[in-house]
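# generate a structure from the sequence data that follows.
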Amino acid sequence: MVHVVRIIAVVYAAIFLSTDSHAASQKPFYETKSYTNSINICGTVLYMATNNGAVEGISLKDGKPVKFTFEKSKTPLGSFNSPAYFVLCELERGWVAASSSNGKLILFDTGLNVLSTYDIPETHSYAAAFMPGDFIILGTVYGTVRALKLPGLSPAWSVKANWDAIKTVSVSPDGKLFATGSNDSRIHIRSTADGKKVKTLRGHKDGIYTLSWSSDGKHILSGSKDRRLLYWNVETGGFLELHQDFTYIYAAMIVENDLAVASTNENEVSLFSVSNNAKLATFKGHSTVIASVTYGDGYIYSGSANGEIFKWDIRKYLKNINN
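Coordinates of the predicted model:
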């Protein structure tokens, strides 16, 4: 019966839904000088972490740099003299966190004033996530997961979660669970209280680069080196394959309602309807690999290896889903 339902959904999508293709006629929303490893929205500012060690802030209103730019030449710590791997935002408290390859995790306020720093014992981190209760979950290059109390970044607990680097971390909406992905091809779900494993999701055939938890806490979206985009039922462990391509999926997230977005074909951004298992739109404009995507107020933002940030309008798709 499951297979019959899936076939019906695919046939429905093929008949009634068509994929829109959007080529960027406008210039990039913003251009930086280096590989964009991570982008994240905090209020009206888009933060980006780049390979030249900078964390930059861009106004979402006009695409111009805000009054600060945190760089190795301007920081009192001189800490980011190597690639910045990620940047995160916690809007309610106005916190921004970033980390680089030299093993520093730094917590800022939204003016990028340094609040606290942490020296990562396992060299460095590729991924982290804020969680309720004033903590940050940090996944390290040697597979250790650490919970740090904010704002002082004092250690709370740590567990050895994987045999290799943790590439992505996502926290459930209720803050009780978090998921990690690495090269072992499995999604490990653990308790935020102590890091103990709760469940393992198996289905990918290669390393996992990106994870995103749904707002209802029932589903996880994952992108992998096996070139597949999967939408998981957390309770049952089953999954729906939304996409398979010839390139790795480095960035993906659930946006609103029924929609998911992912980097596909290396330099394209695709929008999917989960319930119909259909691709709704493809956005083209990047000329190289897309490393990060984020979402805010009806727009997708994507950052690529050549430093370009593009802005894609998906409001009509949200309207269609809501109706």
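# CA atoms for contacts and neighbours, from now on please.
OK.
# which of the helices and strands in this structure ranks last by mean pLDDT?
helix 2-16 (a mean of 36; mean pLDDT, DSSP states H and E).
# my guess is Arg202 meets Asp184, correct?
No. The pair Arg202 / Asp184 is not scored as a contact, 10.0 Å apart, by C-alpha atoms under 8 Å.
# higher neighbour count, these two?
In terms of neighbours (other C-alpha atoms under 10 Å), Asp184 is the more surrounded of Arg202 and Asp184; the figures are 18 against 15.
# tell me which stretches of the chain form helices.
According to DSSP state H, the chain carries its helices in the segments 2-16, 315-322.
# apart from its neighbours in sequence, what residue is nearest Leu211?
Ser222 (4.6 Å; C-alpha to C-alpha, 6 or more residues apart in numbering).
# list the contacts for that neighbour?
208-212, 229-232, 252 (C-alpha atoms under 8 Å, 6 or more residues apart in numbering).
# so for it, what's the pLDDT?
For Ser222, the pLDDT comes out at 97.
# where does the prediction get shaky in the protein?
Applying pLDDT under 70 to the chain flags the ranges 1-18, 23-26, 67-81, 321-323.
# what's opposite Ala98 in the beta bridge?
Val87, Ile106 (DSSP bridges).
# neighbours around it, how many?
Using other C-alpha under 10 Å: Ala98 sits among 27 other residues.
# then Thr168?
25.
# quick one: the strands in the stretch 201-323 of the chain?
Applying DSSP state E, counting those that start in this stretch to the stretch 201-323 of the chain gives strands spanning 208-213, 219-224, 228-233, 239-244, 252-254, 259-264, 268-273, 278-284, 290-296, 299-304, 308-313.
# mind putting those strands into a markdown table with distance to Ala97?
Listed next are these as a markdown table, based on distance: least, C-alpha to C-alpha, whole Å:
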| stretch | distance to Ala97 |
| --- | --- |
| strand 208-213 | 18 |
| strand 219-224 | 23 |
| strand 228-233 | 27 |
| strand 239-244 | 31 |
| strand 252-254 | 19 |
| strand 259-264 | 23 |
| strand 268-273 | 26 |
| strand 278-284 | 29 |
| strand 290-296 | 16 |
| strand 299-304 | 18 |
| strand 308-313 | 20 |
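# wait, which of those is closest to Pro132?
Pro132 lies closest to strand 208-213 among the strands of the stretch 201-323 of the chain, at 14.5 Å (C-alpha to C-alpha).
# relative to strand 228-233, how tilted is the closest one?
30 degrees (axes from the mean of the first three to the mean of the last three C-alpha atoms, to 10 degrees).
# out of the contacts of Ser222, who has the most neighbours?
Most surrounded of the contacts of Ser222: other C-alpha under 10 Å gives Leu229, at 31 neighbours.
# OK, contacts around it?
Contacts of Leu229 by C-alpha under 8 Å, 6+ apart are 221-223, 241-244, 249, 262.
# let's see 7 Å
With contact taken as C-alpha atoms under 7 Å, 6 or more residues apart in numbering, Leu229 is in contact with 222-223, 241-244.
# and these, which is closest to Pro155?
Distances from Pro155 to the contacts of Leu229, taken by C-alpha to C-alpha, are shortest for Ser222, at 28.3 Å.
# quick check: that closest one vs Leu242, distance?
10 Å (C-alpha to C-alpha, to the nearest Å).
# identify the contacts common to those two.
The contact lists of Ser222 and Leu242 share 229-231, where a contact means C-alpha under 7 Å, 6+ apart.
# and which of these is nearest Gly63?
Leu229 (30.1 Å).
# look up how far Ser158 lies from that closest one.
Relative to Ser158, and taking C-alpha to C-alpha, Leu229 is found at 30 Å.
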